[in-house]
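> For reference, the sequence and a predicted model appear below.
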Amino acid sequence: MQEHHYEFEVDATPEQIWEVFWYHGPDKPMTPGVTIEILHPGDATGEGLVRHCHFPVPKWLGTGGIGRSWEWVTQVRPYESWKYDAIGKPLWSKAEGFVTLTPIGETRTKMDFVERYWAFNPWMTRLGLERRVHARLSRDNDAFFRHVTSGLEFHRARRARLAGDEAQRDRA
(Lines give C-alpha, C1' and ligand atoms only; values in the text may rest on other atoms or scores of the structure.)
Protein backbone atom coordinates (compact mmCIF):
# COMPACT_ATOMS: atom_id res chain seq x y z
CA MET A 1 0.00 0.00 0.00
CA GLN A 2 1.23 3.48 -0.89
CA GLU A 3 -0.03 6.68 0.71
CA HIS A 4 0.31 10.25 -0.46
CA HIS A 5 -0.65 13.32 1.58
CA TYR A 6 -0.67 16.88 0.26
CA GLU A 7 -2.06 20.09 1.71
CA PHE A 8 -1.97 23.72 0.69
CA GLU A 9 -3.77 27.00 1.33
CA VAL A 10 -5.76 28.87 -1.30
CA ASP A 11 -7.12 32.43 -1.47
CA ALA A 12 -10.72 31.27 -1.83
CA THR A 13 -13.66 30.14 0.27
CA PRO A 14 -14.58 26.45 0.56
CA GLU A 15 -17.66 27.21 -1.60
CA GLN A 16 -15.45 28.59 -4.39
CA ILE A 17 -13.10 25.59 -4.27
CA TRP A 18 -16.09 23.24 -4.20
CA GLU A 19 -17.27 24.77 -7.48
CA VAL A 20 -13.93 23.89 -9.16
CA PHE A 21 -14.52 20.20 -8.51
CA TRP A 22 -18.29 19.93 -8.72
CA TYR A 23 -19.19 22.16 -11.69
CA HIS A 24 -20.06 19.98 -14.70
CA GLY A 25 -20.98 22.59 -17.32
CA PRO A 26 -19.93 22.04 -20.95
CA ASP A 27 -17.40 24.87 -20.67
CA LYS A 28 -15.53 23.29 -17.74
CA PRO A 29 -11.78 23.41 -18.46
CA MET A 30 -10.00 20.05 -18.42
CA THR A 31 -6.40 19.19 -17.63
CA PRO A 32 -4.52 18.31 -20.85
CA GLY A 33 -4.30 14.56 -21.32
CA VAL A 34 -7.12 13.87 -18.84
CA THR A 35 -10.71 13.01 -19.72
CA ILE A 36 -13.49 12.43 -17.23
CA GLU A 37 -16.76 10.89 -18.35
CA ILE A 38 -19.59 11.17 -15.83
CA LEU A 39 -21.46 7.85 -15.93
CA HIS A 40 -23.87 8.75 -13.13
CA PRO A 41 -24.08 12.23 -11.55
CA GLY A 42 -25.11 11.05 -8.10
CA ASP A 43 -27.59 13.02 -6.02
CA ALA A 44 -27.85 16.81 -5.72
CA THR A 45 -24.65 16.96 -3.62
CA GLY A 46 -22.67 14.52 -5.79
CA GLU A 47 -23.06 11.57 -3.41
CA GLY A 48 -22.91 8.43 -5.56
CA LEU A 49 -21.26 10.10 -8.57
CA VAL A 50 -19.62 7.52 -10.85
CA ARG A 51 -16.98 8.52 -13.41
CA HIS A 52 -14.61 6.92 -15.91
CA CYS A 53 -11.24 8.67 -16.23
CA HIS A 54 -8.33 8.50 -18.69
CA PHE A 55 -5.00 10.00 -17.58
CA PRO A 56 -1.29 9.86 -18.44
CA VAL A 57 0.83 7.02 -17.02
CA PRO A 58 4.41 5.96 -17.80
CA LYS A 59 4.67 4.53 -21.33
CA TRP A 60 6.81 1.64 -20.08
CA LEU A 61 3.62 0.14 -18.62
CA GLY A 62 2.66 -0.91 -22.15
CA THR A 63 -0.64 0.97 -22.39
CA GLY A 64 0.46 3.70 -24.78
CA GLY A 65 0.84 6.06 -21.83
CA ILE A 66 -2.86 6.00 -20.91
CA GLY A 67 -4.25 4.83 -17.58
CA ARG A 68 -7.92 4.28 -16.84
CA SER A 69 -9.94 4.34 -13.67
CA TRP A 70 -13.53 3.80 -12.68
CA GLU A 71 -14.35 5.94 -9.68
CA TRP A 72 -17.26 6.53 -7.35
CA VAL A 73 -17.72 9.34 -4.84
CA THR A 74 -19.18 8.92 -1.35
CA GLN A 75 -19.21 10.60 2.07
CA VAL A 76 -19.95 13.95 0.43
CA ARG A 77 -20.32 16.86 2.83
CA PRO A 78 -20.88 19.97 0.67
CA TYR A 79 -18.16 22.62 1.07
CA GLU A 80 -16.33 20.38 3.57
CA SER A 81 -15.16 17.03 2.19
CA TRP A 82 -15.66 13.99 -0.02
CA LYS A 83 -14.17 10.55 -0.54
CA TYR A 84 -13.59 8.64 -3.73
CA ASP A 85 -12.77 5.01 -4.39
CA ALA A 86 -11.31 3.81 -7.67
CA ILE A 87 -10.31 0.71 -9.56
CA GLY A 88 -7.57 1.41 -12.08
CA LYS A 89 -5.43 -0.15 -14.73
CA PRO A 90 -2.86 -0.91 -16.11
CA LEU A 91 -1.67 -2.15 -12.69
CA TRP A 92 -5.08 -3.37 -11.61
CA SER A 93 -5.14 -1.24 -8.54
CA LYS A 94 -7.48 0.12 -5.91
CA ALA A 95 -7.28 3.67 -4.62
CA GLU A 96 -9.16 5.73 -2.10
CA GLY A 97 -8.85 9.44 -1.72
CA PHE A 98 -10.08 11.99 0.78
CA VAL A 99 -10.41 15.71 0.11
CA THR A 100 -11.07 18.08 3.01
CA LEU A 101 -11.67 21.84 2.85
CA THR A 102 -11.02 23.81 6.05
CA PRO A 103 -11.82 27.54 6.18
CA ILE A 104 -9.04 29.82 7.39
CA GLY A 105 -10.57 33.18 8.18
CA GLU A 106 -13.04 34.77 5.77
CA THR A 107 -11.34 34.24 2.40
CA ARG A 108 -8.77 31.43 2.67
CA THR A 109 -9.10 27.67 2.75
CA LYS A 110 -6.75 24.82 3.57
CA MET A 111 -7.18 21.97 1.13
CA ASP A 112 -6.06 18.56 2.40
CA PHE A 113 -5.70 15.60 0.02
CA VAL A 114 -4.86 12.03 1.05
CA GLU A 115 -4.71 9.08 -1.35
CA ARG A 116 -4.02 5.42 -0.61
CA TYR A 117 -3.13 3.11 -3.46
CA TRP A 118 -2.86 -0.68 -3.68
CA ALA A 119 -1.83 -2.75 -6.69
CA PHE A 120 -3.72 -6.00 -6.27
CA ASN A 121 -1.92 -7.75 -9.13
CA PRO A 122 0.78 -9.66 -7.18
CA TRP A 123 3.24 -9.48 -10.09
CA MET A 124 3.13 -5.70 -10.09
CA THR A 125 3.89 -5.63 -6.37
CA ARG A 126 6.74 -8.16 -6.71
CA LEU A 127 8.30 -6.13 -9.52
CA GLY A 128 8.09 -2.98 -7.41
CA LEU A 129 5.74 -1.28 -9.85
CA GLU A 130 3.16 -0.27 -7.23
CA ARG A 131 5.62 2.11 -5.58
CA ARG A 132 7.06 3.41 -8.89
CA VAL A 133 3.71 4.09 -10.51
CA HIS A 134 2.19 5.71 -7.42
CA ALA A 135 5.28 7.92 -7.02
CA ARG A 136 4.97 8.96 -10.68
CA LEU A 137 1.26 9.77 -10.38
CA SER A 138 1.72 11.65 -7.10
CA ARG A 139 4.93 13.53 -7.83
CA ASP A 140 3.58 16.73 -9.27
CA ASN A 141 1.66 18.35 -6.44
CA ASP A 142 2.26 21.72 -8.07
CA ALA A 143 0.11 20.59 -11.01
CA PHE A 144 -2.75 19.83 -8.59
CA PHE A 145 -2.37 23.29 -7.01
CA ARG A 146 -2.31 24.89 -10.51
CA HIS A 147 -5.48 22.97 -11.42
CA VAL A 148 -7.27 24.39 -8.38
CA THR A 149 -6.04 27.97 -8.89
CA SER A 150 -6.75 27.98 -12.64
CA GLY A 151 -10.19 26.52 -11.91
CA LEU A 152 -10.83 29.35 -9.47
CA GLU A 153 -9.78 31.90 -12.12
CA PHE A 154 -12.11 30.24 -14.66
CA HIS A 155 -15.08 30.39 -12.29
CA ARG A 156 -14.41 33.98 -11.27
CA ALA A 157 -14.35 34.99 -14.95
CA ARG A 158 -17.45 32.86 -15.66
CA ARG A 159 -19.39 34.50 -12.82
CA ALA A 160 -18.31 37.98 -14.00
CA ARG A 161 -19.46 37.12 -17.55
CA LEU A 162 -22.81 35.89 -16.24
CA ALA A 163 -23.25 39.05 -14.14
CA GLY A 164 -22.42 41.18 -17.20
CA ASP A 165 -24.91 39.25 -19.34
CA GLU A 166 -27.58 39.70 -16.69
CA ALA A 167 -26.88 43.45 -16.40
CA GLN A 168 -27.10 43.77 -20.19
CA ARG A 169 -30.48 41.96 -20.22
CA ASP A 170 -31.74 44.27 -17.46
CA ARG A 171 -30.80 47.32 -19.54
CA ALA A 172 -32.54 45.96 -22.65
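Happy to help now that I have it.
> Please count neighbours and contacts with C-alpha atoms only from this point.
OK.
> Remind me what the helix or strand of the chain with the lowest mean pLDDT packs against, helices and strands.
Least confident element among the helices and strands of the chain, by mean pLDDT, DSSP states H and E: helix 129-138 (a mean of 72). Contacts defined by 3 or more C-alpha pairs under 8 Å, 6 or more residues apart in numbering; DSSP states H and E place helix 129-138 against strand 2-10, strand 108-119.
> and the next element down the chain from it?
Next in sequence after helix 129-138, counting helices and strands by DSSP states H and E, comes helix 141-171.
> host element of the residue most central in space within the chain?
Closest to where the C-alpha atoms of the chain average out (C-alpha atoms, centre = their mean) is Phe21, at 6.5 Å. Taking DSSP H and E as the criterion, Phe21 maps to helix 14-22.
> Which positions in that helix come out as buried?
Pro14, Gln16, Ile17, Trp18, Val20 (16 or more other C-alpha atoms under 10 Å).
> quick one: strands adjacent to the helix or strand just after it?
Using DSSP H and E, the next helix or strand after helix 14-22 towards the C-terminus is strand 35-40. Strand pairing for strand 35-40, using DSSP bridges, gives strand 50-56 (antiparallel).
> Just the buried positions in the strand it pairs with, please.
Val50, Arg51, His52, Cys53, His54, Phe55.
> Serialize those residues to CSV and add fields for pLDDT and distance to Arg169.
Below are these laid out as CSV (pLDDT from 0 to 100; distance: C-alpha to C-alpha, whole Å):
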residue, pLDDT, distance to Arg169
Val50, 98, 37
Arg51, 96, 37
His52, 97, 39
Cys53, 93, 39
His54, 93, 40
Phe55, 87, 41
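> wait, which of those is closest to Arg159?
Arg51 (26.1 Å; C-alpha to C-alpha).
> show me where pLDDT drops low in the chain?
136-142 (pLDDT under 70).
> Now do stretch 115-132: distance from first to last residue.
Taking C-alpha to C-alpha, to the nearest Å, stretch 115-132 runs 15 Å from one end to the other.
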